[in-house]
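Enquirer: Got a predicted model here, sequence first, then my questions.
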Amino acid sequence: MKFRIPTLQSGGLIVNYACSSKCGHCHYNSSPQRNKDYITVYTAQKIFSFLKRNGCSSIHIGGGEPFLQIEKLKDVLATAKEYNINIEYIETNSSWFKSEQQATEVLRNLQDLGVNMLLLSISPLHNEYIPFQKVEGLIKACQKQQVSIFPWIRDFAPDIVQMDKTKPHSLDEYQELFGIDYKENIIRRYGLSIGGRAIETFRDSYIDKEYTEVLKEQPTCSSYFTNTSHFHIDLYEKYIPCHCVGFQFDIDDLEDGIDDTKYPLANSIYKDGINGAFGYAKNIGFTTKNSYISACEMCEDIRHFLWKTKHTNEIGPNGFYKEIKTRGK
């Protein structure tokens, strides 16, 4: 049995997993503790060639924090230009901003390499680590250099500017200022799906359900695997399905199909959802917690078990699972 990934539509290139922040909503579990690997020119060439063969000639760049190694980022952009891959925007948390002059010079280099837009992370979750004056400074530099800005999410800016812009602020400080339900409202305002580090950060906003009730859920896992409207490919040449961070498919396998010999867990989920995952893992020793907030949390618990016991190579990278705390076992 195998399933196929359709023609690629819109996606991103993850150039690193290390980050200057450890944001509470991060699906990728990025942090300063992740390894400092960065995509090589050789790998970028292979990925860009793969993208072109599969109908995608325009992507964004994310991390981690891509600007942690600016010279290597510039090498990737030069390679994209060589392969006629359009870079829609680069995601950044603005932590690298030091001065308007320094930022303007970096932006000028990006423009020379064909980049004309930055996605700037704006939220209380980022403000826990990044003083807002850095974000404002980078905005001014972008305006001066005529680099377009994609503020994600602009709606939070009026809240953040009520804080001291020169230092970070915890979510507890935001709740103290705006009310006890502020943290819960972030989920709706941000449009968050709860995976990765967000499971722990927002656990209190959800009701735990008995695992038997979770197994009755019918999440649209198969559509997540085959949705190519927002896929990612990382620096290890792994395809990451939309909404399913922690799975990894070799890009060399996508064109022939995701077969159940190499990807037994993914095929079990594709066929039978969370019940398929549970059935597969139970046969090799997995035991559930008593309760979960969702099928996605149960799936992550299963994948964490399979990663620790080294039963399948379709889950990763290692750093993602090293960041997961033991949850109620």
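Expert: Cool, the structure landed.
Enquirer: And for Ile149, the neighbour number?
Expert: Burial of Ile149 is recorded as 16 neighbouring residues (other CB atoms under 10 Å). To be clear about C-beta, it is placed using only N, CA and C from the backbone, and glycine gets the same treatment.
Enquirer: Check which element follows the longest strand along the chain along the chain.
Expert: Longest among the strand segments of the chain by residue count, using DSSP state E, is strand 86-92. Proceeding C-terminally, strand 86-92 gives way to helix 100-112 as the next helix or strand, assigned by DSSP states H and E.
Enquirer: ranges for the strands of the protein?
Expert: For the chain, the strands defined by DSSP E occupy 2-3, 11-14, 58-62, 86-92, 117-121, 148-152, 209-210, 231-234, 238-240, 249-250, 258-259, 291-292.
Enquirer: Tell me the gap between stretch 225-234 and the middle of its chain.
Expert: For stretch 225-234, the separation from the chain centroid amounts to 11 Å (computed by CA atoms, centre = their mean, to the nearest Å).
Enquirer: Now Glu88: closest residue in space that isn't a chain neighbour?
Expert: Here the nearest residue to Glu88 in space, its sequence neighbours aside, is His60; by CB to CB, 6 or more residues apart in numbering that works out to 4.6 Å.
Enquirer: go on, Asp256?
Expert: Using CB to CB, 6+ apart, the nearest residue to Asp256 is Lys2, at 7.9 Å.
Enquirer: Enumerate every residue touching Phe50.
Expert: Residues in contact with Phe50 (CB atoms under 8 Å, 6 or more residues apart in numbering) are Ile233, Ile251, Leu254.
Enquirer: hmm, back to that, contact partners of the longest strand of the chain?
Expert: Outside strand 86-92, the residues that touch it by CB under 8 Å, 6+ apart are 12, 57-63, 65-67, 73, 77, 80, 110, 114-115, 117-121, 138, 148, 150, 152.
Enquirer: Mind doing that once more with 6 Å?
Expert: Around strand 86-92, the neighbours that count as contacts under CB atoms under 6 Å, 6 or more residues apart in numbering are Ser58, His60, Ile61, Gly62, Pro66, Phe67, Ala80, Val115, Met117, Leu118, Leu119, Phe150.
Enquirer: partners of that strand in the sheet?
Expert: Based on DSSP bridges, the pairing partners of strand 86-92 within the sheet are strand 58-62 (parallel), strand 117-121 (parallel).
Enquirer: ok so, going back, any chance of the strands of the chain in a markdown table, plus distance to Ile180 and mean pLDDT?
Expert: As requested, the strands of the chain are arranged in a markdown table below (distance: least, CB to CB, whole Å; pLDDT from 0 to 100):
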| stretch | distance to Ile180 | mean pLDDT |
| --- | --- | --- |
| strand 2-3 | 44 | 92 |
| strand 11-14 | 35 | 98 |
| strand 58-62 | 32 | 98 |
| strand 86-92 | 31 | 98 |
| strand 117-121 | 25 | 98 |
| strand 148-152 | 26 | 97 |
| strand 209-210 | 24 | 96 |
| strand 231-234 | 35 | 97 |
| strand 238-240 | 35 | 98 |
| strand 249-250 | 42 | 97 |
| strand 258-259 | 44 | 95 |
| strand 291-292 | 24 | 96 |
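Enquirer: what about Ser148, neighbour count?
Expert: When neighbours are counted by other CB under 10 Å, Ser148 registers 12.
Enquirer: same question, Thr40
Expert: Burial of Thr40, expressed as a neighbour count using other CB under 10 Å, amounts to 15.
Enquirer: State the pLDDT value of it.
Expert: Predicted confidence (pLDDT) at Thr40: the value is 98.
Enquirer: still on that earlier bit, please name the bridge partners of the residue nearest to Glu88.
Expert: Listed beta-bridge partners, His60: Gly12 (assigned using DSSP bridges).
Enquirer: Okay, it and Pro317: tell me how far apart.
Expert: Taking CB to CB, to the nearest Å as the criterion, His60 is separated from Pro317 by 20 Å.
Enquirer: for Asn29, same thing?
Expert: Distance from Asn29 to Pro317, by CB to CB: 10 Å.
Enquirer: Relative to Gln101, how far out is the nearest residue to Leu113 once chain neighbours are set aside?
Expert: Distances taken as CB to CB, 6+ apart place Leu77 nearest to Leu113, at 3.9 Å, with adjacent residues excluded. Applying CB to CB, one obtains 21 Å for the distance of Leu77 from Gln101.
Enquirer: re the thing from before, check whether the residue nearest to Asp256 really touches Asp259, as I assumed.
Expert: Yes. The criterion here is CB atoms under 6 Å, and Lys2 meets it with Asp259 at 4.0 Å.
Enquirer: Against Lys144, how distant is the closest residue to Ser10 other than its chain neighbours?
Expert: For Ser10, ignoring the flanking residues on the chain, the nearest one in space by CB to CB, 6+ apart is Ser229 at 5.7 Å. Taking CB to CB as the measure, Ser229 falls 34 Å from Lys144.
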